[in-house]
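A.B. asks: let's see this in three dimensions:
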Amino acid sequence: MTALLATRPTPSILGGVMIIGGTIIGAGMFSLPVVMSGAWFFWSLAALVFTWFCMLHSGLMILEANLNYAPGASFDTITRDLLGKRWNVINGLSIAFVLYILTYAYISASGSIIHHTLGEMSIGFSPRLAGFLFALVVAFIVWLRSKAVSRRTAIVLGAKVITFFLTFGSLLGHVEPATLMNIAEQSPSYAPYLLMTLPFCLASFGYHGNVPSLMKYYGREPKIIIRCLVWGTLIALGLYVIWLLGTMGNIPRQDFIAISEKGGNIDVLVQALSGVLKSPSLNLLLVIFSNFAVASSFLGVTLGLFDYLADLFGFDDSPLGRLKTALITFLPPMVGGLIWPNGFLYAIGYAGLAATIWAAIVPALLARASRQRFGSPRYRVWGGKGMIVLILLFGVGNALVHVLSSFDLLPVYK
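C.D. replies: Predicted structure coming up:
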């Protein structure tokens, strides 16, 4: 048996890359052009690259700590053992908050994009009701079994990938260099709006809960897992850059002010792109892609929240137990969607605030504690104490930016 295990082929790196890339890329990308319109393309590009660098290394720090435990040890287990119960509770609460706020964000987004889609067919439908009904459908699918979610997610993800390349291939073909370079504005100011983008960039690179899953998938193979993290995050970064090119190269900077004033939801952005491009086929592709992007993100996030709450409250896997879990999972964000239907941008921002804990601060503390206890014999993230300090400052800085923004202490592009 030992010999058979030793000769078992290592799974393909492609699977791990797709897990990371697929986890990162979702409907949250629709928030980026709106919140980055103040900083515009080149400053936003710098913020994305910096965030990618920090989020990649914070993920590598989780891997460094994880390698000292048996494959299958969860993020929760590692945090509790290395940092204690208090940090584990803080980390768990931040994860739950992020999943809840993203569920609300995708209810808001689904309502807006369904409203826009039906509007294209001259069918009037309330965004509140559309989001509520869509959430009910997803809740039913999640209640059925996780296999039902995985099958439907695979279908939706495949369709999203196909429409993504079709849509963005067309968008790039319409890019106007004068619009991208913002030639129309005289002496524009960009740098003051840079800080505002950071929490949204952070929320757009969340994959850290998947690192223990990769170690369970590949075993203690740091070189392979590192390649999965590097390539998966690079793919996401590349697609975000293409998305910014496609939007900022087609929509003039000043037009984003009106988009933001209307709540910055997906339907408003899609409508603005459609108005600029005046291409019925591209408009159809944008609408289809938007629907698939929201659906895949919604399914993935709610399944993660569903499993987390089932484990937290000890609900069993019976139909009644799953119904209890579904009610706790979907009822609060559905009520929020009915009361505040246009909170997509705000929700993504708050997700970035909470994600600073488990995607930046906790990974840095895990790496430090792991080195103190184990010495990190299998793998150590380069940069020594300086890298740990950088990731800590990155996390704390993101939280500070969001707090300052909440009190209107940072400039807003308007």
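
A.B. asks: check contacts around residue 391.
C.D. replies: Contacts of residue 391 were listed using Cβ atoms under 8 Å, 6 or more residues apart in numbering, and they are 54, 57, 58, 61, 360, 361, 363, 364. Quick note: C-beta positions are derived from backbone N, CA and C, even for glycine.

A.B. asks: so the first one touches residue 360, yeah?
C.D. replies: Yes. Between residue 54 and residue 360 there is a contact under Cβ atoms under 8 Å: 6.8 Å.

A.B. asks: so between those two, which is more surrounded?
C.D. replies: Neighbours around residue 54 and residue 360, counted as other Cβ atoms under 10 Å, are more numerous at residue 360. The numbers are 28 against 25.

A.B. asks: secondary structure element holding the residue nearest to the more buried one when sequence neighbours are not counted?
C.D. replies: Leaving out its chain neighbours, the residue that sits closest to residue 360 by Cβ to Cβ, 6 or more residues apart in numbering is residue 395, at 3.0 Å. Secondary structure here is read from DSSP states H and E; on that basis residue 395 sits in helix 384-406.

A.B. asks: how about residue 53?
C.D. replies: For residue 53, the enclosing helix or strand under DSSP H and E is helix 40-66.

A.B. asks: next structured bit after that helix?
C.D. replies: Sequence-wise, the next helix or strand downstream of helix 40-66 (DSSP H and E) is helix 75-83.

A.B. asks: which strands and helices lie in contact with that next one?
C.D. replies: Secondary structure elements in contact with helix 75-83, counted by 3 or more Cβ pairs under 8 Å, 6 or more residues apart in numbering; DSSP states H and E, are helix 40-66, helix 85-120, helix 211-218, helix 362-373.

A.B. asks: nearest to residue 169, of those helices?
C.D. replies: In this view, the helices and strands packed on helix 75-83 are compared for proximity to residue 169 by Cβ to Cβ, and helix 40-66 is the closest at 19.2 Å.

A.B. asks: how about the secondary structure of residue 225?
C.D. replies: Assigned by DSSP: H, G, I helix; E, B strand; the rest coil, the conformation of residue 225 is helix.

A.B. asks: for the closest residue to it other than its chain neighbours, grab the count of nearby residues.
C.D. replies: Taking Cβ to Cβ, 6+ apart as the measure, residue 225 lies nearest to residue 214, with 5.0 Å between them; neighbours along the chain are not counted. The criterion is other Cβ under 10 Å. On that basis, residue 214 has 26 neighbouring residues.

A.B. asks: for residue 98, same thing?
C.D. replies: Residue 98 has 26 neighbouring residues, counting by other Cβ under 10 Å.

A.B. asks: residues in contact with it?
C.D. replies: Applying Cβ under 8 Å, 6+ apart as the definition, the contact partners of residue 98 turn out to be 206, 351, 354, 355, 358.

A.B. asks: any chance of a markdown table for the contacts of residue 391, columns pLDDT and distance to residue 169?
C.D. replies: What follows is the contacts of residue 391, written out as a markdown table (pLDDT from 0 to 100; distance: Cβ to Cβ, whole Å):
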| residue | pLDDT | distance to residue 169 |
| --- | --- | --- |
| 54 | 97 | 30 |
| 57 | 97 | 32 |
| 58 | 97 | 33 |
| 61 | 96 | 36 |
| 360 | 94 | 34 |
| 361 | 95 | 39 |
| 363 | 95 | 36 |
| 364 | 96 | 39 |
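
A.B. asks: now, the most widely separated pair of those?
C.D. replies: Farthest-apart pair in the contacts of residue 391 is 57 and 361; separation 13.2 Å (Cβ to Cβ).

A.B. asks: give me every residue that touches residue 85.
C.D. replies: Taking Cβ under 8 Å, 6+ apart as the contact definition, residue 85 lies against nothing.

A.B. asks: from residue 68, how far off is it?
C.D. replies: 19 Å (Cβ to Cβ, to the nearest Å).

A.B. asks: same check on residue 274?
C.D. replies: For residue 274 relative to residue 68 (Cβ to Cβ), the value is 52 Å.

A.B. asks: what do you get for residue 339?
C.D. replies: Going from residue 339 to residue 68 by Cβ to Cβ gives 46 Å.

A.B. asks: more neighbours: the two, which one.
C.D. replies: residue 68 (20 against 9).

A.B. asks: who's in contact with that one?
C.D. replies: Going by Cβ under 8 Å, 6+ apart, the list of residues near residue 68 reads 370, 373, 374, 376, 378.

A.B. asks: burial count for the residue nearest to residue 360?
C.D. replies: Residues within reach of residue 395, counting by other Cβ under 10 Å, total 24.
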